[in-house]
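[1] have a look at this prediction, sequence included:
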Amino acid sequence: APSVCAPLSVLGRDVTVPLVTGGEVTYAALDYAASAPALQRVWDDVAAYAPYYGSVHRGAGYLSQLSTDLFENARRTVAAFLDCREDDQLVFTRSTTDSLNLLAAALPAGCQVFVFETEHHASLLPWREAHVTYLDAPRTPAEAVATLERALADRDPHGPALVCVTGASNVTGEIWPVRELAASAHAHGARIVLDAAQLAPHHPVSVQDLDVDWVAFSGHKLYAPFGSGVLAGRADWLRQADPYLAGGGASRKVTRRTDGGVDVEWHETAARHEAGSPNVIGAYAVASACKALTEAGFDTLVAREQHLIDTVRAGLAEVPEVRVLSLFGDDAPRVGVISFVVEGWNSSHFAAALSAEYGIGVRDGLFCAHPLVRTLLGSDPQTQGECGAPEAAPGEKSLNAIRVSFGAGTPDEHVERFVRAVG
Ligand code: PMP
């Protein structure tokens, strides 16, 4: 089938790598779910700004003002990309992990948290200090909603509660019924945070449309370089919480008390949780990536990605030894993230062979979602399988899997080469 549109131009697309069989080949980056290559456009924007950057929020000089404007404009651009409500706050963080830990540190006293066991560790683990209910893996989107409904119906309706859910799985690529889960959370007086690390690079995410209270994502999965992430949403919990980091920028007024101590008045804006000199270039890069995706148009990007997904899934379906991992089945809407095991193959060896023989970069392991991958593999929950762990003995179940993932920068040739290699 012909491509729906050309891939977006990304860094590293001309990098060649040596093959064990001799010669070299263009590197096929098929590990977008871990980190996507930065868009050339983002790199160009950063390079154009880099000679002019100065201290932010503090300096009186021209370049300081320029940097401050770019940082605050980046905040507005990303808020618009996420279709935030007018009174939402958008905090620049280091990553999704950082964003969700920030929200965990801002939970009101007595907050109950509800989270599916299928989450990435970044959305599974930050709540462990709170009162957490871990929900079993559902086998359909409707079962996910019903499971949450049941759990929320049993809760104390008077205290605060938070549901944390991933928009698209970093293991199966399956898209979760976020709008329905949000409606259920709100019907029971709970709030909901969306981990959009895997959803936002592939689909438009509208805070208002999905009616989620917060959303988190990482720049390095959304075609910007490493080092910046976002937490956006309701201001109230963020405003009442202690600053995530104590320091300059978060504090409005600091005074010595007569008893010798120090009093602090903290900002009530996003700056409250952005103490220290912020990552202006990182924020600028994320905003540039948001603009680039918006200009390319998600309709076009989604259609093109669906073509790549169909190519990979059809190719894998041709190989009888391959089992694709899925919670919701073949018909579930999904992004370009596909995990599988190959009977008779150690997943780590398989991934290494794709690299050495075909110049293809995928990932193997448990993808920082150990409970989910063990459930999908049907392995004993107590099994010692870890990322990079040795594979099961012949005849035993796999302890880890192979993941191929791609997106707006992926040329058809990369997925076609992958399909040929697996076949
Ligand atoms: N959530 C999901 C669904 C992810 O896939 C990832 C990254 N694999 C994260 C959170 C964490 O992102 P980061 O490493 O950028 O903090």
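    It's in.
[2] hey, let's count contacts and neighbours off CA atoms from now on
    Fine.
[3] for the stretch 51-200 of the chain, what lies in contact range of the ligand?
    In this structure, the stretch 51-200 of the chain approaches the ligand at residues 95-97, 120, 122, 166, 169-170, 195, 197-198, judged by CA under 6 Å from any ligand atom.
[4] of all the residues you listed, which two lie farthest apart?
    For those, the farthest-apart pair by CA to CA is S95 and S169; their separation is 16.9 Å.
[5] more crowded one of those two?
    Counting neighbours by other CA atoms under 10 Å for S95 and for S169 shows that S169 has the greater number, 28 against 23.
[6] thinking again about what came up before, now, among the residues of the stretch 51-200 of the chain next to the ligand, which is nearest to F81?
    Sorting these by how near they are to F81, with CA to CA, puts A197 at the top with 14.2 Å.
[7] correct me if wrong: that closest one contacts F217.
    Yes. A197 is within contact range of F217, at 4.3 Å (criterion: CA atoms under 8 Å).
[8] so what sits against both of these two?
    Common neighbours of A197 and F217, using CA atoms under 8 Å, 6 or more residues apart in numbering, are T96.
[9] low-confidence stretches in the stretch 1-150 of the chain?
    Low-confidence regions of the stretch 1-150 of the chain, defined by pLDDT under 70, span residues 1-4.
[10] could you point out the helix or strand that follows the helix or strand F340 falls within?
    Per DSSP states H and E, F340 falls inside strand 337-342. Towards the C-terminus, the helix or strand next in line after strand 337-342, according to DSSP H and E, is helix 347-358.
[11] so what strands line up beside the next helix or strand after that next one?
    Stepping forward along the backbone from helix 347-358, the first helix or strand reached (DSSP H and E) is strand 360-361. Pairing partners of strand 360-361, with direction, according to DSSP bridges: strand 28-29 (parallel).
[12] so how far is the strand it pairs with off the chain centroid?
    Centre-to-centre, strand 28-29 and its host chain are 19 Å apart (CA atoms, centre = their mean, to the nearest Å).
[13] list the helices and strands the next helix or strand after that strand packs on?
    As assigned by DSSP H and E, the chain's next helix or strand after strand 28-29 is helix 40-49. When contacts are defined as 3 or more CA pairs under 8 Å, 6 or more residues apart in numbering; DSSP states H and E, helix 40-49 sits against helix 280-296.
[14] helices and strands around the helix it packs on, which ones?
    Packed against helix 280-296, as judged by 3+ CA pairs under 8 Å, 6+ apart, are the following elements: helix 40-49, helix 62-81.
[15] list the buried residues for the first one?
    This means helix 40-49. For helix 40-49, the neighbour count (16 or more other CA atoms under 10 Å) marks 40-43, 45-46 as buried.
[16] could the residues you listed go into CSV alongside distance to the ligand?
    As requested, the buried residues of helix 40-49 are arranged in CSV below (distance: CA to the nearest ligand atom, whole Å):
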residue, distance to the ligand
Q40, 20
R41, 21
V42, 18
W43, 19
D45, 22
V46, 20
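[17] ok so, going back, tabulate the residues of the stretch 51-200 of the chain next to the ligand in JSON lines, adding columns for secondary structure.
    Rendered in JSON lines, the data for these read as follows (DSSP: H, G, I helix; E, B strand; the rest coil):
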{"residue": "S95", "secondary structure": "coil"}
{"residue": "T96", "secondary structure": "helix"}
{"residue": "T97", "secondary structure": "helix"}
{"residue": "H120", "secondary structure": "coil"}
{"residue": "A122", "secondary structure": "helix"}
{"residue": "T166", "secondary structure": "strand"}
{"residue": "S169", "secondary structure": "coil"}
{"residue": "N170", "secondary structure": "coil"}
{"residue": "D195", "secondary structure": "strand"}
{"residue": "A197", "secondary structure": "coil"}
{"residue": "Q198", "secondary structure": "coil"}
